[in-house]
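Asks: model this:
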Amino acid sequence: MIRGAIDWFRRNNELHGWAMVVLAGYTYLAQGGRGYVDKSFKWISIYGFKLELSDIETALAIGKLPWSFKFLIGLVSDNLPIMGYNAKPYMFLMTALGFIALVMLGMPSFTGEVTTLTAAYLVMQFYGSSVDCLTDALVVKNGRNDEEDSTSSLQSISWFMLGIGGATFNILGGILSTDPTAVKNISLPGARLYNSLMAVFPFGLFVLLFFVKEEKSKIRPGFKVLGQQIIRLLVALFSPPFLVLRLIAWLILAGAARFSLSTPNDAFIITGLKITPQTQAYIEAFSYLALSAGVFLYYRFFRHTSFRYIYGASQILLGIFGLLDYALVQRWNIAIGIPDIPFLFFSGAIGEVMDRLNTMPFLVMAGQLCPPNMEATFFSALMSISNQGSTVGQLIGAKVQDAYSMTEENLDGYGPAILLRTGTTCAMILFIWLIPDTNAMNPTNAESIKPTNPTLKAIFKWADLDKDDETKIEEGIKADEPVKPVA
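Replies: Numbering: from 1, shown residues only. Got it, this is the predicted structure:
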């Protein structure tokens with residue numbers, strides 16, 4: 001096994017370079033670490049500012065807005081390179097923003113009000129979403145050098161390291177956030193200290209970027225190029241067989257169907273089960289390791305399996321295993337002799353594996369659909385829509401919590417809400433036809449989304465999208481080139 005891992009790293013090093021491999025892992029390692037910043041935000045909001053659970057869920061959704069619009073970063077970076085480079089200059093700028101925001105989240109003097117806390121959290125998420133977008137673009141570009149695995153290999157590195165980062169830093173966050181003498185055993189100063197420590201990641205990324213190689217942009221920026229990018233997005237959306245539009249519809253519907261109940265879940269674990277933040281962090285760390293296991297299972301066993309089959313099976317299993325939360329609320333685990341903590345370890349891990357198997361096909365498919373020279377725009381647009389599904393799920397979750405009158409001290413509606421979510425999650429199987437019936441080793445690429453409609457064909461031709469990338473480069477696209485009339 002160790003030898004296989006060494007061979008795998010050597011192969012990726014030869015194809016992509018060590019710095020690119022490290023960047024793919026490091027960015028997601030940091031993202032795993034930032035996951036506990038969400039938790040500390042909840043603790044500070046509940047026990048510091050005494051906010052209602054639904055208000056916190058809404059604040060988290062607002063804070064995640066940059067993830068829903070990160071395609072704008074992709075559009076800007078693809079079309080307005082700085083000093084000839086599309087990604088790295090913007091990443092340098094974002095690391096500075098991230099460093100400042102995380103330091104502020106750790107200092108009550110800067111974030112002593114709900115508004116300033118949410119604003120700093122929003123800036124931190126803007127940094128995270130931008131760096132994520134630009135790293136994904138570099139992953140997609142480098143994935144084209146790998147004819148065997150496409151982007152699967154680098155994406156597997158990314159998501160594996162997300163699991164490692166989440167596991168490691170959840171434990172650290174749990175230790176810092178636990179104070180047996182405090183209310184609910186939660187140390188708010190410790191939670192803020194964790195936020196400040198996470199500032200080391202943008203600083204480390206700043207240093208790493210000096211070693212990452214990026215090819216200079218071959219096409220000069222201009223309004224025509226920007227128009228081309230927008231047209232390519234529209235053509236991809238509205239060309240038969242509508243692969244991208246169908247995928248978008250699935251992502252938004254699935255996010256809404258599996259709405260978020262994370263805030264009442266945390267409140268139930270802390271208030272109802274009397275479990276300390278440190279123990280809860282160990283449970284979530286184990287779940288993050290299960291995330292890595294889910295990535296490994298997909299890469300090792302399911303790359304050749306139809307996306308449609310994986311989505312359908314994992315969607316039903318997500319709904320079914322979601323009932324484990326209901327069993328915990330009803331105390332059925334105690335009735336059959338299973339203590340709460342082992343039960344939480346098991347339910348969290350199995351849910352994370354199913355969630356990762358449900359997510360990996362989309363990540364691979366999104367990479368396959370990216371046309372050349374618009375990796376950041378196209379991939380981040382798909383990821384933004386995926387995140388919008390999650391945001392819709394959080395907003396619907398907030399409304400469900402209001403409908404069931406849930407508070408920290410009154411969680412009677414939590415059980416019925418879980419049953420409702422199970423039903424809507426399983427009902428998504430009715431829309432499985434939206435998912436293309438292909439797999440990671442049978443690419444669904446830009447060739448699959450060329451237009452057949454005469455009007456779209458004419459637009460496609462004007463935008464130079466009927467030519468391959470090498471032809472366009474040979475002809476030399478100029479920023480000030482006059483627009484030619486369509487014949």
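
Asks: show residues contacting stretch 314-331.
Replies: 254, 258, 261, 265, 268, 333, 340, 343-344, 346-347, 350-351, 354-355, 357-358, 411, 414-415, 418-419, 421-423, 425-426, 428-429, 432 (C-beta atoms under 8 Å, 6 or more residues apart in numbering). The C-beta positions use only the backbone N, C-alpha and C, and glycine is treated the same way.

Asks: mind listing what's buried in that stretch?
Replies: 314-319, 321-322, 324-329 (16 or more other C-beta atoms under 10 Å).

Asks: okay, it in PDB with CA atoms only?
Replies: Presented in PDB, the C-alpha positions along stretch 314-331 are these (Å, rounded to 0.1, in the frame of the first residue of the first chain):
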ATOM      1  CA  SER A 314     -26.200   7.400  -2.900                       C
ATOM      2  CA  GLN A 315     -29.200   9.800  -2.800                       C
ATOM      3  CA  ILE A 316     -31.500   7.000  -1.400                       C
ATOM      4  CA  LEU A 317     -28.800   5.900   1.100                       C
ATOM      5  CA  LEU A 318     -28.300   9.500   2.200                       C
ATOM      6  CA  GLY A 319     -32.000   9.700   3.000                       C
ATOM      7  CA  ILE A 320     -32.100   6.300   4.700                       C
ATOM      8  CA  PHE A 321     -29.000   6.900   6.800                       C
ATOM      9  CA  GLY A 322     -30.400  10.400   7.700                       C
ATOM     10  CA  LEU A 323     -32.800   8.400   9.900                       C
ATOM     11  CA  LEU A 324     -30.000   7.700  12.200                       C
ATOM     12  CA  ASP A 325     -30.300  11.300  13.500                       C
ATOM     13  CA  TYR A 326     -34.000  10.600  14.200                       C
ATOM     14  CA  ALA A 327     -33.100   7.400  16.000                       C
ATOM     15  CA  LEU A 328     -30.700   9.400  18.200                       C
ATOM     16  CA  VAL A 329     -33.400  12.100  19.000                       C
ATOM     17  CA  GLN A 330     -35.900   9.300  19.900                       C
ATOM     18  CA  ARG A 331     -33.200   7.600  22.000                       C
END
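
Asks: what is the mean pLDDT for it?
Replies: In this model, stretch 314-331 has a mean pLDDT of 88.

Asks: got the phi and psi for Ala182?
Replies: Per-residue torsions, Ala182: phi -90, psi 170 (degrees, to the nearest 10).

Asks: cool, the one 4 residues further on as well?
Replies: Main-chain dihedrals, Ile186, degrees, to the nearest 10: phi -100, psi 130.

Asks: distance of it from Ile175?
Replies: Distance of Ile186 to Ile175, given as C-beta to C-beta, to the nearest Å: 12 Å.

Asks: could you check which of the two is surrounded by more residues?
Replies: Per other C-beta atoms under 10 Å, whichever of Ile186 and Ile175 has more neighbours is Ile186, with 21 against 15.

Asks: show me which residues of the helix or strand hosting Val123 are buried.
Replies: Element membership of Val123, judged by DSSP states H and E, is helix 114-143. Within helix 114-143, the residues scored as buried using 16+ other C-beta under 10 Å are 114, 117-143.

Asks: mean confidence score for the next helix or strand after it?
Replies: Where DSSP H and E defines the elements, the next helix or strand beyond helix 114-143 is helix 152-177. Averaged across helix 152-177, the pLDDT comes to 81.

Asks: how distant is the next helix or strand after helix 152-177 from the center of its chain?
Replies: Beyond helix 152-177 on the C-terminal side, the first helix or strand identified by DSSP H and E is helix 188-197. Distance, stretch centre to chain centre, for helix 188-197: 23 Å (C-alpha atoms, centre = their mean, to the nearest Å).

Asks: got a list of contacts for the helix or strand just after helix 188-197?
Replies: Next along the chain after helix 188-197, taking DSSP H and E as the criterion, comes helix 200-208. Contacts to helix 200-208, defined as C-beta under 8 Å, 6+ apart, come from residues 19, 22-23, 26-27, 29-30, 33-34, 91-92, 94-99, 102, 127, 131.

Asks: at 6 Å instead, please
Replies: Contact with helix 200-208 is made by Ala30, Thr95, Gly98, Phe99, as judged by C-beta atoms under 6 Å, 6 or more residues apart in numbering.

Asks: same question for stretch 115-125.
Replies: Phe41, Ala59, Gly63, Lys64, Pro66, Ala101, Leu102, Met104, Leu105, Thr111.

Asks: next, the buried residues of the helix or strand hosting Ala19.
Replies: For Ala19, the element it lies in under DSSP H and E is helix 18-43. Judged by neighbour count using 16+ other C-beta under 10 Å, the buried positions of helix 18-43 are 19-37, 39-43.

Asks: how far away from the center of its chain is whatever helix or strand comes next after that helix?
Replies: Using DSSP H and E, the helix or strand that directly follows helix 18-43 along the chain is helix 53-63. The chain centre lies 18 Å from the centre of helix 53-63; the measure is C-alpha atoms, centre = their mean.

Asks: just want the angle from helix 53-63 to helix 114-143.
Replies: Our comparison of helix 53-63 with helix 114-143, counting by axes from the mean of the first three to the mean of the last three C-alpha atoms, to 10 degrees, yields an angle of 50 degrees.

Asks: quick one: distance of the helix or strand hosting Ala267 to the chain centre.
Replies: For Ala267, the host element (DSSP H and E) is helix 262-267. Put simply, helix 262-267 sits 20 Å off its chain's centre (C-alpha atoms, centre = their mean).

Asks: and that helix, what does it pack against?
Replies: helix 53-63 (3 or more C-beta pairs under 6 Å, 6 or more residues apart in numbering; DSSP states H and E).

Asks: elements contacting the helix or strand following the helix it packs on?
Replies: As assigned by DSSP H and E, the chain's next helix or strand after helix 53-63 is helix 65-68. Helices and strands touching helix 65-68, by 3+ C-beta pairs under 6 Å, 6+ apart, are helix 114-143, helix 375-403.
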